[in-house]
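model this:
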Amino acid sequence: MSSQEVEVLVVGAGQAGVAMSEHLSERGIPHVVLERHRIAERWRSMRWDSLVANGPAWHDRFPGLEFTDIEAGSFPSKEQVADYFVAYAQKIGAPIRCGVEVKSVRRNVGAPGFHVQTSDGEYNARYVVAATGPFQRPVIPAVVPETAGFMQMHSSSYRNPGQLPQGAALVVGAGSSGVQIAAEIQRSGRQVYLSVGPHDRPPRNYRGRDFCWWLGVLGKWDASTPALGAEHVTIAVSGADGGHTVDFRALAENGIKLVGRTLEIQDGTMRFADDLRTNIANGDAHYLELLDEADAYVERNGLDLPEEPEARFLRPDPESLTNPIHELDLVAAGITSIVWATGFAVDYSWLQVDAFDDKGKPLQQRGVSTEPGVYFLGLPWQSRRGSSFIWGVWHDAKYVADQITIQRSYLTHNEQDALVASGAV
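Sure, this is the predicted structure:
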């Protein structure tokens, strides 16, 4: 089969790939987007049934299209988000080819560009954009052996409590996914233990404004790097049930038993770090700090936003904090399942170029890699805090498209010089 020639080949048709296609089209740059499944597939098949976006519809979208089937302040379901990207791709006429898996990308030898092997044959591309995002390979820590007798699943495989056997559940990870999954399992009538690590927990809404708005006006979305020591601190925020502030004390009041970070299992007994009180206290401090900054912003700008002193009320410490569990016999506690809400790792095994460190992490600056002609899109903190969010990836895609445009201009100049030198013009 002969190779198909394309100037820019974009891998992945999620939010990053669709955004990239829009900006390339606006600049008149020929390209194709290859997607091994459907557009925005991860929203459909790697999320639990009841998941909704953590940002309201007015915020978590691209500039060129609003959600049409939901109120601006509501939180779209996973299917509504996926349908949004399908509609957006249709709106911009994105040249997306679904059902095509990219198997390998290698730099051409003695010729410009890259040789791309796919399930649909071979491509030759001058530029390649890896728009597969950060959620590629589910991470389950090697803590509990598969032979231990517990059902274990990653949050990306969890759909609803009906998947789980009867009995109690341990949910490991207290970011947005872990908190929402734990609460849902608890509502199904099961006892739930929630392993809580370091986290930030912003207010869902304060003084009549969503936290997305506060992070915007306070300049926090545009922070270029995480605070020192906060690279792996997760954000606990929820759009579930109309949106609410995550409150671990409230979860405990509702019957969820909080424990510290999960460490190891020995002879059926799970050990937890003695850090639960510290993690909760640091989350509270972050929450109150954001309220202080919001109040200062209101006063500084003379805004007429209602005061909300009750937002500073913290519930009493539950027994989980006053008498923490450091060891737990899982069988004696009735635990039959473990849900690991422990995040994802990247997997660029198909991208066989010199653009990664020894741990497989992309070597890039704002999406421009150390391998000329290769670009990344959708990475956390790619240019700012908001880079891996829907609206943030759109702005990062614009920058990457600009860089490709610049490189094309150099090549055009070189080709014109070659024609002049040959006497063709």
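
use CA for all of it now, contacts and neighbours both
Noted.

and the strands in the stretch 51-200 of the chain, which stretches?
96-98, 102-107, 114-118, 121-130, 137-138, 151-154, 168-172, 192-195, 199-200 (DSSP state E, counting those that start in this stretch).

those strands into TSV, with extra columns for mean neighbour count, mean pLDDT and distance to Gln382?
Output for the strands of the stretch 51-200 of the chain, formatted as TSV (neighbours: other C-alpha atoms under 10 Å; pLDDT from 0 to 100; distance: least, C-alpha to C-alpha, whole Å):
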stretch	mean neighbour count	mean pLDDT	distance to Gln382
strand 96-98	19	98	24
strand 102-107	19	98	22
strand 114-118	20	97	24
strand 121-130	22	97	13
strand 137-138	16	91	19
strand 151-154	18	96	25
strand 168-172	26	98	27
strand 192-195	25	98	29
strand 199-200	22	92	20
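
closest one to Asp69 among these?
Smallest distance to Asp69 across the strands of the stretch 51-200 of the chain (C-alpha to C-alpha): 24.3 Å, for strand 96-98.

closest to Gln365 out of the strands of the stretch 51-200 of the chain?
Closest approach to Gln365 among the strands of the stretch 51-200 of the chain (C-alpha to C-alpha): strand 121-130, 13.7 Å.

any residues touching that closest one, and which ones?
Under the contact criterion C-alpha atoms under 8 Å, 6 or more residues apart in numbering, strand 121-130 has outside partners 1-12, 112-117, 373-377, 404.

go on, stretch 371-380?
16, 113, 126-134, 353-355, 362, 364, 367-369, 386-389, 393, 396-397, 400, 404.

filter these down to just the ones in helices.
If you go by DSSP state H, those have 16, 393, 396-397, 400, 404 in helices.

now the buried members of the contacts of stretch 371-380.
Taking 16 or more other C-alpha atoms under 10 Å as the criterion, what is buried in the contacts of stretch 371-380 is 16, 113, 126-134, 353, 355, 362, 364, 367-369, 386-389, 393, 396-397, 400, 404.

what's the closest of the strands of the stretch 51-200 of the chain to Asp275?
Between Asp275 and the strands of the stretch 51-200 of the chain, the tightest spacing by C-alpha to C-alpha is seen for strand 192-195, at 10.4 Å.

can you redo the strands of the stretch 51-200 of the chain as a markdown table with distance to Gly255?
Formatted as a markdown table, those follow (distance: least, C-alpha to C-alpha, whole Å):
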| stretch | distance to Gly255 |
| --- | --- |
| strand 96-98 | 45 |
| strand 102-107 | 46 |
| strand 114-118 | 50 |
| strand 121-130 | 44 |
| strand 137-138 | 28 |
| strand 151-154 | 22 |
| strand 168-172 | 12 |
| strand 192-195 | 8 |
| strand 199-200 | 21 |
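
how about these, which one is nearest His59?
Using C-alpha to C-alpha, the strands of the stretch 51-200 of the chain put strand 199-200 closest to His59, at 20.1 Å.

give me the sheet partners of the closest one and which way each runs.
Counting by DSSP bridges, the strands paired with strand 199-200 are strand 234-235 (parallel).

list of residues touching the strand it pairs with?
For strand 234-235, using C-alpha under 8 Å, 6+ apart, the contacting residues are 174-176, 198-202.

quick one, what contacts the most centrally placed residue in the chain?
The centroid of the chain falls nearest to Ser388 when counting by C-alpha atoms, centre = their mean (5.6 Å). Ser388 makes contacts with 133-134, 378-382, as judged by C-alpha under 8 Å, 6+ apart.

now do Thr245
By C-alpha under 8 Å, 6+ apart, the contact list for Thr245 reads 201-205, 237-238.

in the residues you listed, find the pair that's most separated.
Between all members of those, the farthest pair (by C-alpha to C-alpha) comes out as Arg201 and Asn205, at 11.7 Å.

circling back: which of the contacts of Thr245 fall within strands?
Among those, the members falling in strands (DSSP state E) are Asn205.

just checking, Arg44 touches Glu79?
Yes. In terms of C-alpha atoms under 8 Å, Arg44 counts as a neighbour of Glu79; the distance is 6.1 Å.

low pLDDT regions in the chain?
Applying pLDDT under 70 to the chain picks out residues 1-2, 228-233, 413-425.

residue boundaries of the helices in it?
For the chain, the helices defined by DSSP H cover 15-26, 41-45, 78-92, 176-187, 211-217, 248-253, 276-301, 319-322, 390-422.

could you say which one of these comes nearest to Ile70?
Ile70 sits nearest to helix 78-92 of all the helices of the chain, at 8.8 Å, using C-alpha to C-alpha.

just the CA trace of that closest one, in CSV.
Included here for helix 78-92 are C-alpha records, laid out as CSV according to Å, rounded to 0.1, in the frame of the first residue of the first chain:
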residue,chain,number,x,y,z
LYS,A,78,-20.2,12.8,30.1
GLU,A,79,-22.4,12.0,27.1
GLN,A,80,-23.3,15.6,26.7
VAL,A,81,-19.6,16.5,26.7
ALA,A,82,-18.8,13.8,24.1
ASP,A,83,-21.7,14.9,21.9
TYR,A,84,-20.5,18.5,22.2
PHE,A,85,-17.1,17.6,20.7
VAL,A,86,-18.8,15.6,17.9
ALA,A,87,-20.9,18.7,17.1
TYR,A,88,-17.9,20.9,17.3
ALA,A,89,-15.9,18.7,14.9
GLN,A,90,-18.9,18.8,12.5
LYS,A,91,-19.1,22.6,12.9
ILE,A,92,-15.5,23.2,11.9
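
just to revisit the earlier point, highest neighbour count among the contacts of Ser388?
Comparing these by number of neighbours (other C-alpha atoms under 10 Å), Gly378 comes first, having 29 neighbours.

ok, and the closest non-adjacent residue to that one?
Leaving out its chain neighbours, the residue that sits closest to Gly378 by C-alpha to C-alpha, 6 or more residues apart in numbering is Gly133, at 4.5 Å.

over to Ala294?
Distances taken as C-alpha to C-alpha, 6+ apart put Trp214 closest to Ala294, at 6.9 Å, once the chain neighbours are dropped.

could you report the neighbour count for that neighbour?
Neighbours of Trp214 (other C-alpha under 10 Å): 23.

I figured Asn54 was touching Phe75, is that so?
Yes. Between Asn54 and Phe75 there is a contact under C-alpha under 8 Å: 6.8 Å.

could you check which of those two is surrounded by more residues?
With neighbours defined as other C-alpha under 10 Å, Asn54 and Phe75 compare such that Phe75 has more, 26 against 23.

roughly how far apart are the residue lying closest to that one once chain neighbours are set aside and Gly17?
Leaving aside its chain neighbours, Phe75 sits nearest to Pro56 (4.7 Å; criterion: C-alpha to C-alpha, 6+ apart). Per C-alpha to C-alpha, to the nearest Å, Pro56 is found 22 Å from Gly17.

cool, thanks, signing off.
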